[in-house]
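>>> sequence first, predicted coordinates after that:
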Amino acid sequence: MAGLLATAELCDTNAGLLASGELRVLEPVFRAYGQRQAFSGPVMTLKVFEDNSLVREALESRGEGKVLVVDGGGSMRCGLVGGNLGLLAQSMGWAGIVVNGCIRDVDEINGCDIGVRALASHPVKSNKRGIGERHVPVHVAGTLIRDGEWLYADSDGILVSSCEISV
Ligand SMILES: O=C([O-])CC(=O)C(=O)O
């Protein structure tokens, strides 16, 4: 796709970075949502548990092409992103959202011009108590992801790199 890097090609041409761990592959546990099947950008991390206050707060700021990585601890008990937050992410210029947890309002999110990856959907909303951490290293799908690293997602999978990779 124009302007986006294919993850398979990135892995083929950066075997050294893969071996050193500078380039890492998330375990293939995600479902794809949103209009953008492929997306990439610098990462902002959040660590939360069944509370999406910090997710809303992050998406209310300018995305500038960034990818919001939300480590929701893999909870299967509520959705951390819904249709309103999907629209907010789109209007604030986020490239995508990766959720280690669930989302809801799937049909609405699928209409948004962003890329979304999540473990599953769940109809229940999350708590809103403002609890969580911003910009902390997170472990998602077997992979360490640090704030400011680069994430590349397409139909084949999701990669995280310590620095931006160009072809
Ligand atoms: O606000 C929430 O909890 C998530 C949601 O339903 C939405 O974004 O529309």
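Sure thing, it's come through.
>>> any weak-confidence spans in this protein?
Applying pLDDT under 70 to the chain flags residues 1-4, 167.
>>> quick check: residues of it near the ligand?
52, 81-85, 104-105, 125-126 (Cβ under 6 Å from any ligand atom). In short, each C-beta sits where N, CA and C put it, glycine included.
>>> in strands only, show me those residues.
Within the residues of the chain next to the ligand, residues falling in strands by DSSP state E are Val81.
>>> pretty sure Lys125 contacts Leu80?
No. Using Cβ atoms under 8 Å, Lys125 is not in contact with Leu80; the gap is 9.2 Å.
>>> which residues touch the closest residue to Leu85 other than its chain neighbours?
Excluding its sequence neighbours, the residue lying closest to Leu85 (Cβ to Cβ, 6 or more residues apart in numbering) is Leu59, at 5.5 Å. By Cβ atoms under 8 Å, 6 or more residues apart in numbering, the residues touching Leu59 are 68, 85, 88-89, 92, 94, 97.
>>> looking at the residues of the chain next to the ligand, which is nearest Asp154?
Of all the residues of the chain next to the ligand, Val81 has the smallest distance to Asp154: 20.0 Å, by Cβ to Cβ.
>>> apart from its chain neighbours, what residue comes closest to the closest one?
Here the residue nearest Val81, using Cβ to Cβ, 6+ apart, is Ile103, at 4.5 Å.
>>> still on that earlier bit, most neighbours of all the contacts of Leu59, which one?
Ile97 (32 neighbours; other Cβ atoms under 10 Å).
>>> could you report the neighbour count for Leu144?
So Leu144, with other Cβ under 10 Å, has 12 neighbours.
>>> which strand or helix spans it?
Taking DSSP states H and E as the criterion, Leu144 maps to strand 143-145.
>>> what packs against the top helix by length along the chain?
When the chain is parsed with DSSP state H, its longest helix is helix 83-91. Helices and strands touching helix 83-91, by 3 or more Cβ pairs under 8 Å, 6 or more residues apart in numbering; DSSP states H and E, are helix 53-59, helix 106-110.
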